[in-house]
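1. I'd like to go over a predicted model; first the sequence, then the structure.
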Amino acid sequence: MVDLSSAQWRKSTRSSSNGGACVEVADNLSGIVGVRDSKDPTGPALVFGPVAWQAFVARLPEQH
């Protein structure tokens, strides 16, 4: 199990304030990137290595 207690979570700047489907990312941790549902901050989180996270983000469609 990974300790995420020192994670500094942030939402996308594209997130709306109306409680929509948002994710939060913690990229301040050494060697991992955490991802969680902003509506369930105490729920489960996904953990990615930096290379896997960069590959994932590189394949996201651009939003305009």
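-> That came through, no problem.
2. so Gly31 touches Pro50, yeah?
-> Yes. Between Gly31 and Pro50 there is a contact under C-beta atoms under 8 Å: 6.9 Å. For every residue, glycine as well, the C-beta is placed using N, CA and C.
3. Compare these two and say which one has the larger neighbour count.
-> Neighbours per residue, other C-beta atoms under 10 Å: of Gly31 and Pro50, the larger number sits with Pro50, 13 against 8.
4. Can you pull the phi and psi angles for that one?
-> phi -60, psi -40 (degrees, to the nearest 10).
5. excluding its backbone neighbours, what's nearest it?
-> Nearest residue to Pro50, sequence neighbours excluded (C-beta to C-beta, 6 or more residues apart in numbering): Val33, at 6.4 Å.
6. can I assume Trp57 sits in a helix?
-> Rather than Trp, residue 57 is Val. Yes. Val57 sits within a helix when classified using DSSP: H, G, I helix; E, B strand; the rest coil.
7. Tell me the pLDDT of it.
-> On pLDDT, Val57 comes in at 89.
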